[in-house]
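Trainee: Give me a model of this one.
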Amino acid sequence: MLRLLRQIARVGTITEELRESDAYERAGRELAAMINKRFAGSLAIREVDAGSCNGCELEIHATNNAFYDIERFGVHFTASPRFADMLLVTGPVSVNMKTALEMTYEATPDPKLVVAIGDCAVNCGVFGRDNYAIAGAVSDIIPVDVVVHGCPPTPTDIIRGILAAIDGMP
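Mentor: Predicted coordinates for the structure are as follows:
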């Protein structure tokens, strides 16, 4: 234990310098204004992993960490689709998740928004459509309002996708 403490004292703290992303901040402020206008200040999102490698989930979780803190813009994640305004769906839809995704979509109250996050959700990505375990892309199973490309997309891209979905609402 003492050896480890000495090493920590000798090496010091090695971390990246914190830099605020201007693009993220601009998109976030625009998102907050749109949420205030359309959802009375609070957007509830249900995230659904339909069979991904978890790269997109890590980026979605990053949007909610202390650095990006998407909640300051009025976005909240919910465990129940019955309270959700929007579904964020990641990964190609596996055969085992097809029914669960359909049931989640049906349980979400109208007007519901669906955002497909990542290349796998958009076109099955590296998993391919001809895989025996893949039922298809998200848009093959449920209606999708906005797609966010990337493998995985950045938190800024995810914010822009959420913003595009809200902006496209009737």
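Trainee: Which strand residues bridge the spatially closest residue to residue 47 that is not a sequence neighbour?
Mentor: Once its chain neighbours are removed from consideration, residue 47 has its nearest residue in residue 88; the separation is 4.6 Å (Cβ to Cβ, 6 or more residues apart in numbering). (C-beta placed from N, C-alpha, C; glycine too.) Each beta-bridge partner of residue 88 is listed here, defined by DSSP bridges: residue 47, residue 115.
Trainee: Could you check how many residues crowd around residue 88?
Mentor: Under the neighbour criterion other Cβ atoms under 10 Å, residue 88 is assigned a count of 27.
Trainee: What of residue 90?
Mentor: Using other Cβ under 10 Å, residue 90 is surrounded by 27 other residues.
Trainee: right, and it touches residue 58 too?
Mentor: No - counting by Cβ atoms under 8 Å, residue 90 stays clear of residue 58, with 10.0 Å between them.
Trainee: By residue count, what's the longest helix in the chain?
Mentor: helix 22-39 (DSSP state H).
Trainee: Identify all contacting residues around it.
Mentor: For helix 22-39, contacts defined as Cβ atoms under 8 Å, 6 or more residues apart in numbering pick out 41-43, 68, 70, 72-75, 85, 155-156, 159-160, 162-163, 166-167, 169.
Trainee: can you tell me which of these are in helices?
Mentor: Counting by DSSP H, the members of the contacts of helix 22-39 that fall within helices are 155-156, 159-160, 162-163, 166-167.
Trainee: Quick check on those: which are buried?
Mentor: When these are checked for burial by 16 or more other Cβ atoms under 10 Å, the buried set is 155-156, 159-160, 162-163, 166.
Trainee: Spatially central, which residue of the chain would that be?
Mentor: With distances taken as Cα atoms, centre = their mean, residue 60 lies nearest the centre of the chain, 4.1 Å away.
Trainee: Please, which helix or strand holds it?
Mentor: Residue 60 belongs to helix 55-63 when elements are defined using DSSP states H and E.
Trainee: If anything else comes up later, I'll come back, but that's it for now.
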